[in-house]
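[1] using only what follows, build the 3D model:
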Amino acid sequence: MKNKSILIILAHPTFQRSFIHKKCMHIAHEYADNTIVDLYEDYPTFIIDAKEQQNLLLQHDIIIFHYPWRWFSPPALLQEWKETVLTNEFIIEHDSLKDKIFSSVISVEDEQEDYTENGMYHMNINALLSPQSKMAEICQMVYIPPLIVYGHRKLLNAETKSQAIEALKPYFDIYKTFLHSLKNDNINIPALQKSSTINDVLFDNLKITLKKEISIEKLTQVTNDDLPLNIQ
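    Okay, the predicted model is just below:
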């Protein structure tokens, strides 16, 4: 069976200073057939080539957004991408994205408990992300809840940077497993859809079998100088 193709739409205004998303891109690059679009690198003037982006969407089975969550919204260029690329003609009249898989990887400075009824914001993060799930629904895509990496403000204040790196390792492990399973069509999507985020799912219950062990340790062996000021 042919592996599924993945298109990653990276929208990070300060990507070169991001620890989390740079590590995720290192993992994604392990698959030669993954396509990564860096919006802020490719479209610094915010003028997006809609036809080019639509062609990329048509060529891939899985679309994953990558971005930092700031002021309760994704970066402006990702919104511009959606408004420019996802036209009515493209997504509705031609059913261009029907049955494609959609998910996202989001870095959040706050703690998970901040996004609860009794937390700082008195709201579940999924309510704030509802426009994203609605977008997938309108596009007739198969929606998988996001992987959310919480707590960067706390990590920035870690006593040592090695502690921050150690705290992030499980997220990279989940991300690697997630990509591998998506590509090999070896993932229980209904089980994931029952959860608010894929963080909440125990991967043992997904019955994922990795054919090849990948060292997450290797991906996170960095020195203090390698860890930027902006973990997110």
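
[2] give the closest residue to residue 86 in space, chain neighbours not counted.
    residue 139 (6.7 Å; CB to CB, 6 or more residues apart in numbering). Heads up, the C-betas are built off the backbone N, CA and C, glycines and all.

[3] no wait, residue 21
    Among residues not flanking residue 21 along the chain, residue 12 sits closest, at 5.3 Å (CB to CB, 6+ apart).

[4] how about that neighbour, secondary structure?
    coil (DSSP: H, G, I helix; E, B strand; the rest coil).

[5] before we move on, back to that, now the residue nearest to residue 86: how far from residue 46?
    22 Å (CB to CB, to the nearest Å).

[6] neighbour count winner among these two?
    Between residue 139 and residue 46, counted using other CB atoms under 10 Å, the more crowded position is residue 139 (20 against 12).

[7] thought the more buried one was touching residue 99?
    No - when contacts are counted by CB atoms under 8 Å, residue 139 is not listed as touching residue 99 (10.1 Å).

[8] which residue is nearest the middle of the protein?
    The centroid of the chain falls nearest to residue 105 when counting by CA atoms, centre = their mean (1.9 Å).

[9] pretty sure that residue sits in a strand.
    Yes - assigned with three-state DSSP, residue 105 falls within a strand.

[10] need the pLDDT of it.
    Model confidence at residue 105, given as pLDDT, is 95.

[11] list the buried residues of stretch 19-39.
    For stretch 19-39, a neighbour-count test (16 or more other CB atoms under 10 Å) marks 19-21, 23-25, 27-28, 34, 36-39 as buried.

[12] off-centre distance for the longest helix belonging to the chain?
    When the chain is scanned for its longest helix (criterion: DSSP state H), the result is helix 161-183. Chain-centre distance of helix 161-183: 12 Å, with CA atoms, centre = their mean, to the nearest Å.

[13] tell me the average confidence for the following helix or strand past it?
    Under the assignment DSSP states H and E, the closest C-terminal helix or strand after helix 161-183 is helix 189-193. Average pLDDT, helix 189-193: 88.

[14] what does stretch 30-37 give?
    Mean predicted confidence for stretch 30-37 is 90.

[15] chain center to it, what's the gap?
    On CA atoms, centre = their mean, the centre of stretch 30-37 falls 14 Å from the chain's centre.

[16] which parts of this structure are helices?
    Counting by DSSP H, the helices of the chain are 19-28, 39-42, 50-59, 76-85, 88, 125-128, 130-138, 152-156, 161-183, 189-193, 216-219.

[17] could you say which of those is packed most deeply?
    helix 19-28 (a mean of 20; mean count of other CB atoms under 10 Å).

[18] run the chain-centre distance for it.
    10 Å.

[19] so where's the protein uncertain?
    Scanning the chain for pLDDT under 70 picks out 1, 152-161, 201-232.

[20] re the thing from before, residues near the residue nearest to residue 21, how many?
    Neighbours of residue 12 (other CB under 10 Å): 26.

[21] let me see the contact set for it.
    The contact partners of residue 12, by CB atoms under 8 Å, 6 or more residues apart in numbering, come to 18, 21, 38, 40, 66-68, 75.
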